[in-house]
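Novice: What follows is a predicted protein model with its sequence.
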2 protein chains.
Amino acid sequence: MADIKFEIEKELGVIAESAKGWKKELNLISWNGKEAKYDLREWSPEHEKMGKGVTLTTQELKSLKELLNKIYL
Amino acid sequence: MADIKFEIEKELGVIAESAKGWKKELNLISWNGKEAKYDLREWSPEHEKMGKGVTLTTQELKSLKELLNKIYL
């Protein structure tokens, strides 16, 4: 796999942590120098390794917020 | 890759749709016959192909909801 450059511009919050220290985090991340996007993903301690996740635009995150506030959890 | 069996038990909502018809969806999905989990992921039309995504427990989705209601979007 080609190298992916990323910079975590803002750590917004952690929604889960596993026994091994991996965390599900919401961050604002710039990938390969592009404009930063919201990113929901699992990370190893100290952000050394990343797991699978999704990137989201501001509008998509707003839609997700509205959806979560609408459904029963 | 080994076959993955999944069953979409509940379609909770769509938060984005691309020009090619792929959608970012929040669903409740049972993977390989296990207890269903929340799942945020991109899907092709008719759920024929899936993109990368994250699975979330009820507690994690609640944490995400609280986080989204706390930050400025």
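Specialist: Perfect, thanks for sending it.

Novice: Which residue is the nearest non-sequential neighbour of A:E11?
Specialist: Distances taken as C-beta to C-beta, 6 or more residues apart in numbering or on different chains put A:N27 closest to A:E11, at 5.4 Å, once the chain neighbours are dropped. C-beta: built from backbone N, CA, C; applies to glycine.

Novice: Looks like the one you found contacts A:V14 (just checking).
Specialist: No. Assessed by C-beta atoms under 8 Å, A:N27 is found out of contact with A:V14, at 9.7 Å.

Novice: quick one: which of those two has more around it?
Specialist: Comparing A:N27 with A:V14 by other C-beta atoms under 10 Å in any protein chain shown, the one with more neighbours is A:N27, at 21 against 14.

Novice: check contacts around the more buried one.
Specialist: Each residue near A:N27 by C-beta atoms under 8 Å, 6 or more residues apart in numbering or on different chains is listed here: A:8-12, A:38-39, A:41.

Novice: Whichever of the residues you listed end up buried, select them in ChimeraX.
Specialist: Selecting only the buried entries of those in ChimeraX, with 16 or more other C-beta atoms under 10 Å in any protein chain shown as the criterion:
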select /A:12,38,39,41
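
Novice: In strands, which of the contacts of A:N27 fall?
Specialist: In strands, judged by DSSP state E, the following of these are found: A:8-12, A:38-39, A:41.

Novice: end-to-end on stretch A:37-52?
Specialist: Separation of the first and last residues of stretch A:37-52 by C-alpha to C-alpha, to the nearest Å is 15 Å.

Novice: just stretch A:31-45 next, same as before
Specialist: Note: stretch A:31-45 ends 20 Å apart using C-alpha to C-alpha.

Novice: what does it contact?
Specialist: For stretch A:31-45, the surrounding residues in contact (C-beta under 8 Å, 6+ apart) are A:4-7, A:9-10, A:12, A:21-30, A:49-58, A:60-61, B:40, B:54, B:64.

Novice: By mean pLDDT, point me to the weakest helix or strand of chain A.
Specialist: strand A:50-56 (a mean of 94; mean pLDDT, DSSP states H and E).

Novice: Identify each buried residue in it, please.
Specialist: For strand A:50-56, the neighbour count (16+ other C-beta under 10 Å) marks A:50, A:53-54, A:56 as buried.
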